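Asks: Got a predicted structure plus its sequence, pasted below:
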Amino acid sequence: MRAINYAAPTMVEDAVRILRENGAGARIFAGGTDLIVQVRENTRDVDVMVDAKGIEELTRVEIGADGSVTLGAAVPCYQIAGDDAIVAAFPGLIDAAGIIGGTAIQGRASLGGNLCNSSPAADGIPALIVHGATANIAGPDGRRSVAVADFCTGPGTNVLAAGEMLVSLTIPALVPNSGAHYLRFTPRNEMDIAVVGAGAQVVLDGDTIVSARIALGAVAPTPMYAAAADEALAGQPATEESYEAAAAAAQNAATPITDMRGTADFRNHLVAVLTKRALRGAVERAKGGAVNGR
Amino acid sequence: MVAELVTGKTLVSTTINGEPVEFMCEPRESLLEVLRDTLRLTGSKEGCNNGNCGACSVILDGRLVNSCCVLGIEIAGSEVTTIEGLATADGLHSVQEAFLEGAALQCGICTPGFIVATKALLDKNPNPTETEIRYWLAGNLCRCTGYDKIVRAVQQAASGTGT
Ligand SMILES: Cc1cc2nc3c(=O)[nH]c(=O)nc-3n(C[C@H](O)[C@H](O)[C@H](O)COP(=O)(O)OP(=O)(O)OC[C@H]3O[C@@H](n4cnc5c(N)ncnc54)[C@H](O)[C@@H]3O)c2cc1C
Ligand code: FES
Ligand code: FES
């Protein structure tokens, strides 16, 4: 790996100052499962790694009085998926946090890193989007928050300006009678990159869908919030016909490409299949049932 | 405290396999490089150097990690267990015994990683199901055995009924 400098600040303000002083070559370093590999393979120019794991605000998990959870940006997935309170409250988030890499990757990979790496195929991002999560950002001009749905701007790019860093992710409590589910298609069961990913959240009133959120991965330059699918579902009965309509709307919104993992046609097919499966799972959970044992 | 930039070779104090250890490393060196090239603990293997194969698996503060995706400088004050830390003066670790007895290896390059990963699994879950074993070990690749003998060896080690 090329020579780098290393910093291990303990305060967000110090990390922001180091980012600002060192310019574009300075990067926050959380689990390093993207960053170390990218620097080693020379796909990212980095001079300074700013280790976030010594900053308490980035490593803590806070459950709010309102049932929301705020995850420090550097909290590793193994800790999220092993936290009984988070698993019980947000099983649909665990669907994603629990499949990023294998055990040893989970030991390090954070959802904050997953978001800031901003891959179109990142598993964490569609799950965060359907949960209506907010990215809490710190920078030279203070703090601000951005909806995760608006965070990514292109493959590998996002709204973070020079000197800015992600501090935490806030996931609002699910309202009663709601549920969420995320799943992906990969040729292997584990340790693979999504050909397509799909997440859904629904709020039910009896058998009627009051509102829904659908998000897709790997079918656009960024993980994508498919608002048109939400519109197709609002006020509709929780039936296969409604899921079909939502799947068609999701297909319309998606702009998949052909690459080594799949053709655009195949991805288009998967969008429909996975949107329906995500909806069935979300409805199951909204009715109090379990998916994947959660 | 003002955070400093570490710019060159630095002294790192840590604990490896229960022993206090000090070494010098540059920020760019991975934990795997430090283990193999500086500390001569060559049991941890380099398969891919990008997080995909698990041959470099070590336990860092109780968590299974790929040492190729950890910086050496990060482990100051931590506790690391490598494959060298499993056997004692009295003999091999029960997981090592089970792999040997079950012939769960051929060329052996993946074996230290599998054994360390298995130890981490059994420390957390002494009675895993076959599915749990297969998911836990999904990040460890083996090009020789076809995995079945490895899974059987893990089951053997878990049941403590070494043949
Ligand atoms: C073998 C392997 C398997 C993988 N499998 C999957 C998978 O199944 N699904 C998936 O989605 N991904 C997968 N990944 C990719 C990676 O593990 C994830 O994206 C992970 O969530 C990244 O988190 P991290 O903490 O390691 O991030 P890092 O590597 O530390 O950081 C990633 C990027 O985000 C930036 N960054 C991190 N934190 C912040 C912050 N707080 N503020 C500003 N910028 C920040 C870094 O500078 C870097 O550019 C895999 C990687 C490997 C090596
Ligand atoms: S060498 Fe570290 S995972 Fe392959
Ligand atoms: S025994 Fe050869 S790779 Fe596993």
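Replies: Received it, and whenever you're ready, just let me know what you need. Ligands and ions are numbered 1, 2, ... in the order given.
Asks: confidence score at residue 141?
Replies: Since you didn't name a chain, this refers to chain A. We have a pLDDT of 97 for residue A:141.
Asks: my question was about chain B
Replies: Residue B:141 is given a pLDDT of 97.
Asks: Contacts only, for the spatially closest residue to it that is not a sequence neighbour.
Replies: Among residues not flanking residue B:141 along the chain, residue B:53 sits closest, at 4.5 Å (C-beta to C-beta, 6 or more residues apart in numbering or on different chains). C-beta: built from backbone N, CA, C; applies to glycine. By C-beta atoms under 8 Å, 6 or more residues apart in numbering or on different chains, residue B:53 lies in contact with B:47, B:110, B:113, B:139, B:140, B:141.
Asks: Could you grab the helix/strand/coil label for the residue positioned nearest the centre of chain B?
Replies: Centrality entry for chain B: nearest residue to the mean C-alpha point is residue B:58, 2.7 Å, by C-alpha atoms, centre = their mean. Classification of residue B:58 by DSSP: H, G, I helix; E, B strand; the rest coil places it in strand.
Asks: which residues pair with it across the strands?
Replies: residue B:65 (DSSP bridges).
Asks: my read: it touches residue B:31, true?
Replies: Yes: counting by C-beta atoms under 8 Å, residue B:58 touches residue B:31, with 7.1 Å between them.
Asks: Overlap of the contact sets of those two?
Replies: B:67, B:80.
Asks: Quick one: the helices in chain B, in order.
Replies: According to DSSP state H, chain B carries its helices in the segments B:31-33, B:94-101, B:111-124, B:130-136, B:148-159.
Asks: Mind pulling up the pLDDT for the closest residue to residue A:228 other than its chain neighbours?
Replies: Once flanking residues are discounted, residue A:228 sits nearest to residue A:249: 4.3 Å by C-beta to C-beta, 6+ apart. Looking at residue A:249, its pLDDT is 98.
Asks: element containing residue A:15?
Replies: In the assignment (DSSP states H and E), residue A:15 maps to helix A:12-22.
Asks: which residues does residue A:194 contact?
Replies: Contacts of residue A:194 were listed using C-beta under 8 Å, 6+ apart, and they are A:121, A:123, A:184, A:185, A:186, A:217, A:218.
Asks: So which of these is the closest to ligand 3?
Replies: residue A:186 (22.3 Å; C-beta to the nearest ligand atom).
Asks: how about residue A:76, phi and psi?
Replies: Main-chain dihedrals, residue A:76, degrees, to the nearest 10: phi -70, psi 150.
Asks: what sits against it?
Replies: So residue A:76 contacts A:31, A:106, A:107, A:108, A:109, A:110, B:63 (C-beta under 8 Å, 6+ apart).
Asks: How confident was the prediction at the closest residue to ligand 1 within the stretch 101-250 of chain A?
Replies: Closest residue of the stretch 101-250 of chain A to ligand 1, C-beta to the nearest ligand atom: residue A:113 (2.1 Å). With respect to pLDDT, residue A:113 scores 98.
Asks: Over to residue B:163?
Replies: Residue B:163 is given a pLDDT of 39.
Asks: now residue A:260
Replies: 89.
Asks: What count of nearby residues applies to it?
Replies: 4 (other C-beta atoms under 10 Å in any protein chain shown).
Asks: Ok, residue A:236 next?
Replies: Residue A:236: 16 surrounding residues under other C-beta under 10 Å.
Asks: Equivalent analysis for the one 4 residues further on, please.
Replies: Look at residue A:240: counted by other C-beta under 10 Å, it has 12 neighbours.
Asks: Quick check: it vs residue A:186, distance?
Replies: 25 Å (C-beta to C-beta, to the nearest Å).
Asks: could you list every residue that touches residue A:181?
Replies: A:91-92, A:95, A:199-200, A:277-282, A:284-285, A:291.
Asks: Scan chain A for its longest helix.
Replies: Longest helix in chain A by number of residues (criterion: DSSP H): helix A:264-286.
Asks: What ranges in chain B fall below the confidence cut-off?
Replies: Along chain B, segments meeting pLDDT under 70 span B:1-3, B:161-163.
Asks: The residue of it found nearest chain A and ligand 1: what is the separation?
Replies: Here the residue of chain B nearest chain A is residue B:139; by C-beta to the nearest C-beta that distance is 2.4 Å. The gap separating residue B:139 from ligand 1 is 7 Å, by C-beta to the nearest ligand atom, to the nearest Å.
Asks: What is the neighbour count of that residue?
Replies: Neighbours of residue B:139 using other C-beta under 10 Å come to 24.
Asks: In contact with the nearest residue to residue B:45 once chain neighbours are set aside, which residues?
Replies: Nearest residue to residue B:45, sequence neighbours excluded (C-beta to C-beta, 6+ apart): residue B:55, at 3.9 Å. Residues touching residue B:55, when contacts are defined by C-beta under 8 Å, 6+ apart, comprise B:44, B:45, B:46, B:47, B:48, B:109, B:110, B:112, B:113, B:140, B:141.
Asks: Could you do residue A:18 as well?
Replies: A:7, A:9, A:26, A:48, A:50, B:3, B:5 are the contacts of residue A:18 under C-beta under 8 Å, 6+ apart.
Asks: show me the residues around residue A:129 that make contact.
Replies: A:148, A:149, A:199, A:213, A:215, A:223, A:225.
Asks: now for the host helix or strand of the fourth one, which elements pack on it?
Replies: Per DSSP H and E, residue A:213 falls inside strand A:208-217. Of the remaining helices and strands, those touching strand A:208-217 by 3 or more C-beta pairs under 8 Å, 6 or more residues apart in numbering or on different chains; DSSP states H and E are helix A:124-130, strand A:196-205, strand A:224-225, helix A:227-233, helix A:240-253, helix A:264-286.
Asks: Highest mean neighbour count out of these?
Replies: Counting by mean count of other C-beta atoms under 10 Å in any protein chain shown, helix A:124-130 has the highest mean neighbour count of the helices and strands packed on strand A:208-217, with a mean of 31.
Asks: State the mean pLDDT of that one.
Replies: 98.
Asks: Spatially central residue for chain A, please.
Replies: Geometric middle of chain A (C-alpha atoms, centre = their mean) lands on residue A:125, at 2.0 Å.
Asks: thinking again about what came up before, can you pick out the ones from the contacts of residue A:18 that are in strands?
Replies: Among the contacts of residue A:18, the members falling in strands (DSSP state E) are A:7, A:26, A:48, A:50, B:5.
Asks: Please tell me which one of the residues you listed counts the most neighbours.
Replies: For those, the largest neighbour count, defined by other C-beta under 10 Å, is 26 neighbours, found at residue A:50.
Asks: how much space between that one and residue A:226?
Replies: Taken as C-beta to C-beta, the span from residue A:50 to residue A:226 is 35 Å.
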